[in-house]
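Enquirer: how would this look folded up:
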Amino acid sequence: MTEATRRERLRAETDREIRRQARALLVEHGRDAVTLRAIARELGITAPALYRYYDSREDLLHHLADDICTDLAVELNAGLVDIPPDDVTAQVYAVCRGFRRWALAHPQEFALVFASTETTLGTCGPDGRSQVGDQFGRVFLEVAGKLIASHPMPHDRGDRVPAELHADLEVFQQVLVDTVNQRGVAVDTGVLDLYAVYHITQSWVRIYGHVALEVFGRFPFAVANPEPMYDSMLAEILGEMGFPTPPP
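Expert: Down below sits the predicted model:
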């Protein structure tokens, strides 16, 4: 092993340890506890030494959020393995239910990625403009796009899309078409028209909103078990596309 290779390996190992410690602090104490000084103390090094790896705390948080989204995507994809490839409805339920389970089990990670007010962190939601979490966004976009591609929505609903949203939705439309095509499902803007894109966007807002309220304990009234409400919402979303019956 050359000296250069040894240095690269040691640098990679240190980088992994930095992120591991950052993740541990996040999980145990929350986002505010993730500081370069605290990480340095856990690693037994000086805080300035961390600047060899990250430009700032925000830079580290950005990479940590990306790691979290990668792990989430792996978990969601694992939930799709045993589902027949042509059962797209079951895939949608699996992804949406898996997202809720993950969020409830990882509230601090969810808060960092999905509820940060720092624009530099981005999000791993499917908005097509985020620089963080593309892995998860692609999972969500893929199943949503495949569902609509397999069961096209009526094309006479374009007037239901607010004109003020057309420009933004057209950008997202191309992201969605590209994502689904890259995963082997041939679609175009004729199938994924603006209303279909509008429906996917609204669906994501509803799913995220429910999960966020549940994770942060902000339901507007007492619900002993929010899961049936969540499943009912998924059934309504799919029912609008002609899939009224959820899988068991």
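Enquirer: what sits against Leu192?
Expert: Contacts for Leu192 (Cβ atoms under 8 Å, 6 or more residues apart in numbering) come out as 145, 148-149, 173, 176-177, 180. The way it works is simple: take the backbone N, C-alpha and C, and place the C-beta from them, glycine included.
Enquirer: could you dump those into TSV and include pLDDT and neighbour count?
Expert: Below are those laid out as TSV (pLDDT from 0 to 100; neighbours: other Cβ atoms under 10 Å):
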residue	pLDDT	neighbour count
Gly145	74	28
Ile148	74	23
Ala149	74	19
Gln173	88	21
Leu176	82	25
Val177	85	22
Val180	78	24
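Enquirer: for Leu43, state which of these is nearest.
Expert: Nearest to Leu43 among the contacts of Leu192, counting by Cβ to Cβ, is Leu176 at 41.8 Å.
Enquirer: Thr201 is in contact with that closest one, correct?
Expert: No: between Leu176 and Thr201 there is no contact under Cβ atoms under 8 Å: 9.5 Å.
Enquirer: from Pro226, how far out is Leu213?
Expert: As judged by Cβ to Cβ, to the nearest Å, Leu213 and Pro226 stand 8 Å apart.
Enquirer: next, show the common contact partners of the two.
Expert: Jointly contacting Leu213 and Pro226 under the rule Cβ under 8 Å, 6+ apart are Phe219.
Enquirer: count of neighbours near Asp87?
Expert: 14 (other Cβ atoms under 10 Å).
Enquirer: pLDDT at it, what is it?
Expert: pLDDT recorded at Asp87 is 86.
Enquirer: out of the contacts of Leu192, list just those in helices.
Expert: Those of those mapping onto helices are 145, 148-149, 173, 176-177, 180, per DSSP state H.
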